[in-house]
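> pasting a predicted model and its sequence here:
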Amino acid sequence: MRTPWRRREPEAPGAPPAAAASDAMPAPPVAGAGSPDSPSDDTGARVQRDAGPGAASDAGRGVPPIAPGLPRVAFIGAGRVGTALGAALRASGWPVTATASRDRSRRDRFLALVPGSRAHAEAHDVLDEADLLFLTVPDDVVPAIAASLHLYSGQAIVHTSGVLPAAVLSPALAAGTEAGSFHPLVAFTDVAAGRAALAGCVVAIEGDEPLLPLLEDVAAAIGARPVRVTAEGKPAHHAAATLAAGGLVALLDVVDRLAGAAGIEAGERLGTYQGLARQALENAVRQGPEAALTGPIVRGDLGTVRLHLDSLRRADPDAIPIYVALARRSVSLATARGELSPERAAELVALLASGG
């Protein structure tokens, strides 16, 4: 089984030149709006041949020409994730042909940011315009949308959920089709910020093995770094991502409240600890969490920990369980590192259990 596009392997010495993608995979022209091309069983046939509607005006808008031989990409879902990905891929010369969304304002925004694309209200209307179909919708509706679709041979379908495996897309599959997941580790607070953050981000990919090289190239096209995860590991991956993003923000809220209790002005509270937090993260990435740990737990300072708990009781009692849980984890790290004796570790654990 072949997907619509494959990275070309290096040619052997003395081998005749490989045919260009447009020669190796002949296909009928993409039909215009209102006249979709008919499904094809040729897995190489569904390749974009031109820039699509609006191509003549794209050059004047500074939009890169579409590179030959790439699969046509469409999105079901025109929210922040789908629009940011669509705009980034189109800016990289990939043929982004269409989107589907029942929200008119989102369709209009997608069209404005992705030149040459078309917009539809219903998900199934994009099937005739895509070789690679992205489901950029909330996790809870991915299975239902997949069940409403029926792919043609040679197409691939991908969702962007961090927690769901590619297997949830199986109701949409037919003979000669493939499924995958493509999860950018980006906080999509808005389209512009999300698109900017795609360059340099990590994308977790998973799914049918023959499809993964294509997903790696999609990631590379937007300036991201692909990392393969297992289907069974998707929930663990997403839990880690949630703690690294939302969990960190929740922890920073505690930092902000404690900074306020210390008398630091509102506009300076998080900025006061920004450099320290950045250094801790860089040390953990470079050395590993165990080696990067610093602070009173490593030193076994019971008195300091007791004062911390006292301040939390006054400033933010609801944050005490958070502090205790992190401190207990720090005790385990410091003990494993050999800098905290079992006796001192037991005293710290008892202090934390008593709440100070």
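On my side now, so go ahead.
> hmm, who's touching stretch 326-334?
Here stretch 326-334 makes contact (Cβ atoms under 8 Å, 6 or more residues apart in numbering) with 251, 289-290, 293, 295, 297-298, 300, 305, 340, 345, 348-349, 352. C-beta here means a position set from N, CA and C on the backbone, and glycine is covered the same way.
> from the residues you listed, which single one is nearest K234?
Taking Cβ to Cβ as the measure, K234 lies nearest P289 of the contacts of stretch 326-334, at 22.4 Å.
> number of nearby residues for the closest one?
Neighbour count for P289, taken as other Cβ atoms under 10 Å: 13.
> and it, how far is that from S332?
10 Å (Cβ to Cβ, to the nearest Å).
> buried set for stretch 87-106?
87-92, 94-101, 106 (16 or more other Cβ atoms under 10 Å).
> name the SS class of V324, please.
helix (DSSP: H, G, I helix; E, B strand; the rest coil).
> can you tell me how far the residue nearest to it when sequence neighbours are not counted is from L251?
Spatially, and ignoring its direct neighbours in sequence, V324 is nearest to L352 (4.8 Å; Cβ to Cβ, 6 or more residues apart in numbering). The gap separating L352 from L251 is 17 Å, by Cβ to Cβ.
> between these two, who's got more neighbours?
Higher neighbour count among L352 and L251: L352, with 22 against 16, using other Cβ under 10 Å.
> sorry, back to before: quick one: which of the contacts of stretch 326-334 is nearest A240?
P289 (12.3 Å).
> residues contacting the closest one?
P289 touches L333, counting by Cβ under 8 Å, 6+ apart.
> state the pLDDT value of it.
Residue-level confidence at P289 comes out at 95, pLDDT.
> where's it relative to A325, distance?
15 Å.
> returning to what we had before: from the buried residues of stretch 87-106, which ones fall inside helices?
Among the buried residues of stretch 87-106, the members found in helices (DSSP state H) are A87, A88, L89, R90, A91, R106.
> nearest to L214 among those?
Looking across those and measuring by Cβ to Cβ, the closest to L214 is L89, at 12.5 Å.
> any idea what the residue nearest to that closest one when sequence neighbours are not counted is bridged to?
Using Cβ to Cβ, 6+ apart and skipping residues adjacent in sequence, the residue nearest L89 is V96, 5.3 Å away. Judged by DSSP bridges, the bridge partners of V96 are V73.
> measure V96 to V63 for me?
Taken as Cβ to Cβ, the span from V96 to V63 is 11 Å.
> same check, this time on A179
30 Å.
> try L164
Where V63 is concerned, L164 sits at a distance of 33 Å (Cβ to Cβ).
> looking at those two, which is more packed in?
Between L164 and V63, counted using other Cβ under 10 Å, L164 has the larger neighbour count: 23 against 18.
> now do the contacts for the more buried one.
Contacts of L164 (Cβ under 8 Å, 6+ apart): D139, V142, S181, K234.
> assign A179 to helix, strand or coil.
strand.
> okay, it: pLDDT?
For A179, the predicted pLDDT is 98.
> that one pairs with what?
Here A179, judged by DSSP bridges, has bridge partners I157.
> okay, now L281: neighbour count?
13.
> with the one 5 residues further on instead?
If you count neighbours by other Cβ under 10 Å, R286 ends up with 9.
> and it, what does it touch?
With contacts defined as Cβ under 8 Å, 6+ apart, the neighbours of R286 are A292.
> what residues of the helix or strand harbouring it count as buried?
Taking DSSP states H and E as the definition, one finds R286 inside helix 269-287. Buried residues in helix 269-287, counted by 16+ other Cβ under 10 Å: R269, Y273, A280.
> which of the ones in helices among the buried residues of stretch 87-106 lies closest to V186?
A88 (10.5 Å).
> phi and psi next, for the residue lying closest to that closest one once chain neighbours are set aside.
Leaving aside its sequence neighbours, A88 sits nearest to I222 (Cβ to Cβ, 6+ apart; 4.2 Å). Main-chain dihedrals, I222, degrees, to the nearest 10: phi -100, psi 10.
> so I222 sits against S92, correct?
Yes. Using Cβ atoms under 8 Å, I222 is in contact with S92, at 6.2 Å.
> what's the end-to-end length of stretch 218-230?
Using Cα to Cα, to the nearest Å, one end of stretch 218-230 lies 19 Å from the other.
> which residues does it contact?
Contacts of stretch 218-230 (Cβ under 8 Å, 6+ apart): 85, 88-89, 92-94, 132, 182, 184, 198-206, 212, 215-216, 237.
> show me what counts as buried in stretch 224-241.
For stretch 224-241, by 16+ other Cβ under 10 Å, it's A224, P226, V229, K234, H237, H238, A241.
> one step back: which ones are touching the residue nearest to V324?
Taking Cβ under 8 Å, 6+ apart, one finds V305, V324, A327, R328, V331 in contact with L352.
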